[in-house]
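>>> Provided below are the primary sequence and the corresponding predicted coordinates.
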Amino acid sequence: MGVMTVPLRAVTSDPGEGSAHFGAAALSFEEFFEAERSRLLGALVVMTDNRAEAEEILQDAFLKVWERWERVATMEEPVGFLYRTAMNLFRKRLRRAAVAVRKAVHLLPQGDELSEVEMRDEAVRLLARLTPRERAAIVVTAYLGYSSEEAGELLGIRATTVRVLTNRARAALRGVEEVSE
Amino acid sequence: MSYEHDLIERAVLALAPEEPSIEDLVRRRDRRRRNQRLAAGAVGLAIGVVVMVLGAAFLRAAGDAQTAEWPRPSITSTRIVRPGEVLLDPYASGDNPTYVIAADVATGAQRTVVGCKVGCRLHTLFDASADRGWIAYHLANCEEGECGPSDPKGGLWVVGANGPPRFVTDGFLDTPWSWAPTGAQLAYVDGADLILLDPATFERTRIATARGPIHTIAWGPDGRSIAYSVEPPFTGASDPSSFGVIVLRSGGEPEQVSYAAGVEGMDWSPDGSSLLLDRVRSGRSLIEVVAVDGAGEQVLVEGPRDEGPGAPAWSPDGSRIAFLRTPRVGGGYRMEIWVIDADGRSEMRLGVGDSETWGGGPVWSPDSRLVAWASYFGSVWVAAPASGGGIPQQVDRFEVERWRQG
């Protein structure tokens, strides 16, 4: 589909914004998308343990960034904005799911689509032992390389909570007692 | 690299997610927009019914909203969209795209009805209430925690002829909302809750709570029923009875009419007896008709997910359904407009769009004789006889907007 040059129709009334920010050296959204999609998708698929959900969140996050690209491209950390957006969407989905689960009457235990297929893989099996919050914390810190403070900001929780969650996750993954920081 | 990093990397490789392309992003965005606009179009077509039903009773809600009559909307005497005006997508005309424009069909005079200050970003998603007293629109701005002191928050807003815009709810394109075909009631979704908003008083009434996230909503043509689709929750439930398509009537209990998941758009039949579902199942796109009395469902058309069918629209006389296909051609896609009989017996291609991406439509003329569509870039609308017996011709965009907005 040859639509690489089609701008998303979000608009701005700021006379200072627009093409002035898009010098030859500026990264285009398409380049940004190509550069960042794999890593983010990898993180999301582990966090959600669900391919379809990961792809949904990824696409929604990039759509949001695209929508605001004129502004995002001028940020010091456009990648940070992308990850914050993706984590917001992840949290929102978790929250919605939690609300829905609380309100539901006849719920069955979840049969995750990946659990049956990929449980043979040790890494997937180990990560599946973690709670969604533990998984998110360990992915954001150990895989994406954010500090506890940054991860707390991304995930909307306190840095101390991130540390607790990552400690628990590490302990569970290594099959040892909870490690102290 | 830490042990955990290596472990996660191995898991990523094992899970091997399929990376979406930028084209997937474009299709996703277009699909959402056309479903939003389809909902808006359904409102427009139903406006004729408004006057007849307006006098009939909306009783005030009492007790638990799920079984109570829905509240009667407040009456506003001032119209933000004046008689003879239609709202225009400013991009389509190349005008200042910051604003929503109202244009007088007779004189062509245009005026700004929604605008915002420096730094404000409007989506092209907007729609007027049936009584023309209010406009709802998406603001693609900052989110909570990111906004500066003068930045309006991103999300859904409502504005009337008098008074400042008011914030309704946050959310991106995935927040379904739709004006009632009667009066001025805005239905919108907050997670698993379906809420009615009276824009005059800003009173909110929760009329339904689903067992999972609500993805789409569609008002019935009588303005006293709403269909909504519920997706399986992100985590927790796989009980088939917890998702599907549900119809809620004012004063009634929610009735599940289908267990379909993956519903991306819905449209009521003009007589209110059936629903059209635009959905995805097992990598295929489907258009289905579901009887709201529980008499069953029928797949009308299907195809590969990326090629459609999609954006179905029922003709005002109820006899046919127009929809899009985007077949792969060479290295890209081509937009095609098709029509099928409501009973699924025969279908035909009416025309081919001049762009790979959708720009509007299909939209039916009120007499059900013409179907119009537009390309993504185009301010040019094209209409073809729905019988398939004539050559597509350019039509005035005001005319199409009048079809669409009533």
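Now that the structure is in, tell me what you want to look at.
>>> tell me which helix or strand of chain A sits lowest on mean pLDDT?
helix A:113-118 (a mean of 45; mean pLDDT, DSSP states H and E).
>>> err, chain B, not the other one
helix B:47-54 (a mean of 44).
>>> downstream neighbour of that one in the secondary structure list?
Once the chain leaves helix B:47-54, the next helix or strand it forms, by DSSP states H and E, is strand B:85-88.
>>> what about the helices in chain A?
A:29-48, A:51-67, A:69-72, A:78-103, A:113-118, A:122-128, A:132-138, A:148-155, A:159-174 (DSSP state H).
>>> Using PDB, write down the CA coordinates of stretch B:293-310.
The C-alpha coordinates for stretch B:293-310 follow below in PDB (Å, rounded to 0.1, in the frame of the first residue of the first chain):
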ATOM      1  CA  ASP B 293     -35.200 -10.900  17.800                       C
ATOM      2  CA  GLY B 294     -32.700 -13.700  18.100                       C
ATOM      3  CA  ALA B 295     -33.700 -15.400  14.900                       C
ATOM      4  CA  GLY B 296     -30.200 -16.000  13.900                       C
ATOM      5  CA  GLU B 297     -27.400 -14.500  11.800                       C
ATOM      6  CA  GLN B 298     -26.200 -14.800   8.200                       C
ATOM      7  CA  VAL B 299     -22.800 -14.100   6.700                       C
ATOM      8  CA  LEU B 300     -23.400 -12.000   3.700                       C
ATOM      9  CA  VAL B 301     -19.900 -11.400   2.400                       C
ATOM     10  CA  GLU B 302     -16.400 -12.400   3.500                       C
ATOM     11  CA  GLY B 303     -12.800 -12.000   2.400                       C
ATOM     12  CA  PRO B 304      -9.200 -11.800   3.600                       C
ATOM     13  CA  ARG B 305      -8.800  -9.400   6.500                       C
ATOM     14  CA  ASP B 306      -6.700  -6.900   4.700                       C
ATOM     15  CA  GLU B 307      -8.900  -6.900   1.600                       C
ATOM     16  CA  GLY B 308     -12.300  -6.400   3.300                       C
ATOM     17  CA  PRO B 309     -15.200  -6.400   3.000                       C
ATOM     18  CA  GLY B 310     -15.900  -3.500   5.400                       C
END
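>>> and that stretch, how far from the chain's centre?
17 Å (CA atoms, centre = their mean, to the nearest Å).
>>> what does that stretch rub up against?
B:27, B:31, B:34, B:255, B:257-258, B:260, B:264-265, B:273, B:277-278, B:280, B:283-291, B:321, B:323-328, B:333, B:338, B:340, B:344, B:347 (CB atoms under 8 Å, 6 or more residues apart in numbering or on different chains). Quick note: C-beta positions are derived from backbone N, CA and C, even for glycine.
>>> mind listing what's buried in it?
Neighbour counts using 16 or more other CB atoms under 10 Å in any protein chain shown place B:Glu297, B:Leu300, B:Val301, B:Gly303, B:Arg305, B:Glu307, B:Gly308, B:Pro309, B:Gly310 of stretch B:293-310 among the buried residues.
>>> Is B:Ile246 located within a strand, as I assumed?
Yes - using DSSP: H, G, I helix; E, B strand; the rest coil, the secondary structure at B:Ile246 is a strand.
>>> Could you report the neighbour count for it?
Residues within reach of B:Ile246, counting by other CB atoms under 10 Å in any protein chain shown, total 21.
>>> which residues sit in contact with the closest residue to it other than its chain neighbours?
Using CB to CB, 6 or more residues apart in numbering or on different chains and skipping residues adjacent in sequence, the residue nearest B:Ile246 is B:Pro254, 4.8 Å away. Applying CB under 8 Å, 6+ apart to B:Pro254 gives the contacts B:Gln66, B:Ala208, B:Ile246, B:Val247, B:Leu248.
>>> Let me see the backbone angles for B:Pro254.
Main-chain torsions, B:Pro254, degrees, to the nearest 10: phi -60, psi 130.
>>> what mean pLDDT does stretch B:382-397 have?
Averaged across stretch B:382-397, pLDDT comes to 84.
>>> what stretches of chain A score poorly on pLDDT?
Low-confidence segments of chain A, defined by pLDDT under 70: A:1-26, A:94-120, A:175-181.
>>> 90 instead, please
A:1-31, A:34, A:38-39, A:45-57, A:59-61, A:63-81, A:83-136, A:144-181 (pLDDT under 90).
>>> And stretch B:335-345, end to end?
With CA to CA, to the nearest Å applied, stretch B:335-345 spans 23 Å between its terminal residues.
>>> For B:Gly318, see how far away the closest residue to B:Ala322 other than its chain neighbours is.
Using CB to CB, 6+ apart and skipping the chain neighbours, the partner closest in space to B:Ala322 is B:Pro362 (3.8 Å). As judged by CB to CB, to the nearest Å, B:Pro362 and B:Gly318 stand 15 Å apart.
>>> Tell me which of those two has more neighbours.
B:Pro362 (28 against 15).
>>> how distant is the host helix or strand of that one from the center of its chain?
For B:Pro362, the host element (DSSP H and E) is strand B:358-364. Relative to its parent chain, strand B:358-364 has a centroid offset of 12 Å by CA atoms, centre = their mean.
>>> now swap in stretch B:153-162 and tell me
So, by CA atoms, centre = their mean, the centroid of stretch B:153-162 is 18 Å from its chain's centroid.
>>> Can you classify B:Ala313 as helix, strand or coil?
strand.
>>> what angle separates whichever helix or strand comes after the strand holding B:Pro362 from strand B:358-364?
Counting by DSSP H and E, the next helix or strand C-terminal to strand B:358-364 is strand B:370-375. For strand B:370-375 against strand B:358-364, the angle by axes from the mean of the first three to the mean of the last three CA atoms, to 10 degrees is 170 degrees.
>>> For strand B:370-375, give the mean pLDDT please.
84.
>>> what lines up beside that strand in the sheet?
strand B:358-364 (antiparallel), strand B:381-385 (antiparallel) (DSSP bridges).
>>> Would you tell me which of those strands gets closest to B:Gly133?
strand B:358-364 (23.6 Å; CB to CB).
>>> any idea of the mean pLDDT for the closest one?
Rounded mean pLDDT across strand B:358-364 is 78.
>>> Convert the C-alpha atoms of that strand to CSV, please.
The C-alpha atoms that make up strand B:358-364 are tabulated as CSV, following Å, rounded to 0.1, in the frame of the first residue of the first chain:
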residue,chain,number,x,y,z
TRP,B,358,-10.6,5.2,2.0
GLY,B,359,-11.8,8.8,2.1
GLY,B,360,-15.5,8.6,2.8
GLY,B,361,-18.5,6.5,2.3
PRO,B,362,-20.2,4.5,1.1
VAL,B,363,-23.1,6.9,1.6
TRP,B,364,-26.6,6.3,0.3
